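Engineer: I'll drop the sequence and a predicted model, then ask my questions.
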Amino acid sequence: MEIKIQSIHFDITEKLQAFIEKKTAKLERTFEDIRKVEVQLKVIKPATALNKETSITVSVPGGSPLFVAKTCDTFEEGVDQCVDAMRVKLEKYKEKLRNR
């Protein structure tokens, strides 16, 4: 599984990058055939509350990419929420494949 992290309007720290890689790697427990995970971090209007937008796109075989986006106070919180939401989407996708 390839993990690609893109930061827009700021430089990502190594600590945040390691956190994202650790969290997104856990998605493979839910669905084994994940090809690529793209994480996009964006700062909207600095110095305001809820100004960090996190989005995750997961490429799976045989279907269109799954996408989740959240806006939070911190990127860590956003990544947590996105990974949880993506886990639910992957479960539904996996169930759909089983029923075919």
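Structural biologist: Structure's in. What do you need?

Engineer: low pLDDT regions in the chain?
Structural biologist: Nowhere does the chain drop to pLDDT under 70.

Engineer: Which parts of it are strands?
Structural biologist: 2-8, 36-43, 52-59, 66-72 (DSSP state E).

Engineer: Could you check how far the residue most central in space within the chain is from Ala49?
Structural biologist: What sits nearest the mean C-alpha location of the chain, by Cα atoms, centre = their mean, is Ile56, with 3.0 Å. According to Cβ to Cβ, to the nearest Å, Ile56 stands 22 Å off from Ala49. (C-beta placed from N, C-alpha, C; glycine too.)

Engineer: what does Val79 give?
Structural biologist: From Val79 to Ala49 the distance is 18 Å (Cβ to Cβ).

Engineer: between the two, who's got more neighbours?
Structural biologist: Just comparing Val79 and Ala49: by other Cβ atoms under 10 Å the higher neighbour count belongs to Val79, 23 against 8.

Engineer: okay, now Lys22: neighbour count?
Structural biologist: For Lys22, using other Cβ under 10 Å, the count is 10.

Engineer: now do Leu27
Structural biologist: Neighbours of Leu27 (other Cβ under 10 Å): 21.

Engineer: can you check Ser64 too?
Structural biologist: Quick note: Ser64 (other Cβ under 10 Å) scores 7 neighbours.

Engineer: What is the neighbour count of the nearest residue to Ile3 once chain neighbours are set aside?
Structural biologist: Distances taken as Cβ to Cβ, 6 or more residues apart in numbering place Val37 nearest to Ile3, at 4.9 Å, with adjacent residues excluded. Counted with other Cβ under 10 Å, the neighbours of Val37 add up to 25.

Engineer: and stretch 28-46, which residues are buried?
Structural biologist: Within stretch 28-46, the residues scored as buried using 16 or more other Cβ atoms under 10 Å are 30-31, 34, 37-39, 41-42.
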